[in-house]
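Undergrad: Build me a structure from this.
(4 chains)
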There are 2 protein chains.
Amino acid sequence: MNKIESIGSVVRYHRKKAGLTQKQLATLAGVGKTAVFDIEKGKKTVRLNTLTAILSILNIHLIVQSPLMDQYYHDEGSE
Amino acid sequence: MNKIESIGSVVRYHRKKAGLTQKQLATLAGVGKTAVFDIEKGKKTVRLNTLTAILSILNIHLIVQSPLMDQYYHDEGSE
DNA sequence: AATATTTTCCCTTTATAGCAGTAATATATA
DNA sequence: TATATATTACTGCTATAAAGGGAAAATATT
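TA: As a prediction, the model looks like this:
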């Protein structure tokens, strides 16, 4: 149940486990090395696509949760 | 288990349920009306803090998931 | 220890997110 | 139907994210 606020340390942990340097991860994700550094450092003003590009390489997923999601599935499914 | 890709329609659904206009939601979240419009339209290059400001008002949470998360909790907890 | 590698933090440039206005279209309400 | 409200979609402007280069600081390796 990790929240998005801790995404920086999660990214770093996964990157280390994958045996990648920041530069390598950046290249794989198609972003600059600064982006990886900034995200691990906890920068919140990164762009969503930049973040998801990095998460995708590390097999990390962002899941949307809310009390209304069940209702959302029901309503959206029937349209 | 909604993925981040569908965040636009999720935001719109929740906003409607909350009885808010895009402008009202934008004001509550402290962002411009364009940001709400763009996100609902599916724009991916929004900034993370802009998105989370909006999600926070609607009580929507982004959860971080991965196969290594259990291990992450264990390792991080003991440090 | 020395050396190599990586990370952190500068810098400058470029691209664009986000803003407020405005107007047109669409939707809802009378 | 008319009319109010909301959404969409432009504008021009400002702030800043991201890239890449480089160098110091921190880590890792020999």
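Undergrad: residue closest to the middle of chain A?
TA: residue A:55 (3.9 Å; CA atoms, centre = their mean).
Undergrad: Do you know the pLDDT at that one?
TA: Note for residue A:55: predicted pLDDT of 98.
Undergrad: ok, it to residue B:76 distance?
TA: Relative to residue B:76, residue A:55 is positioned 18 Å away (CB to CB, to the nearest Å). All C-beta spots, glycine's among them, are computed from the backbone N, C-alpha and C.
Undergrad: so what strands line up beside the strand ranked longest in chain A?
TA: If you go by DSSP state E, chain A has its longest strand at strand A:61-65. Applying DSSP bridges to the sheet, strand A:61-65 is found paired with strand B:2-3 (antiparallel), strand B:61-65 (antiparallel).
Undergrad: Let me know the helix or strand that the residue nearest to the centre of chain A is in.
TA: Element membership of residue A:55 [criterion: DSSP states H and E] is helix A:48-57.
Undergrad: repeat for residue A:39
TA: Counting by DSSP H and E, residue A:39 is part of helix A:33-41.
Undergrad: May I see the buried residues of that helix?
TA: A:35-36, A:38-40 (16 or more other CB atoms under 10 Å in any protein chain shown).
Undergrad: returning to what we had before: how about the longest strand of chain A: buried residues?
TA: A:61-62, A:64-65.
Undergrad: Same check on stretch A:44-57?
TA: A:44, A:46-48, A:50-55, A:57.
Undergrad: need those in TSV with distance to residue A:29, can you?
TA: Shown next, in TSV, are those (distance: CB to CB, whole Å):
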residue	distance to residue A:29
A:44	18
A:46	12
A:47	12
A:48	13
A:50	8
A:51	10
A:52	9
A:53	4
A:54	5
A:55	9
A:57	5
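Undergrad: Identify the farthest-apart pair in those.
TA: Farthest-apart pair in these is A:44 and A:57; separation 20.5 Å (CB to CB).
Undergrad: quick one, the worst-scoring helix or strand of chain A on mean pLDDT and strand B:61-65 angle?
TA: The least trusted helix or strand in chain A, going by mean pLDDT, DSSP states H and E, turns out to be helix A:69-77, with a mean of 86. Calculated by axes from the mean of the first three to the mean of the last three CA atoms, to 10 degrees, helix A:69-77 forms an angle of 90 degrees with strand B:61-65.
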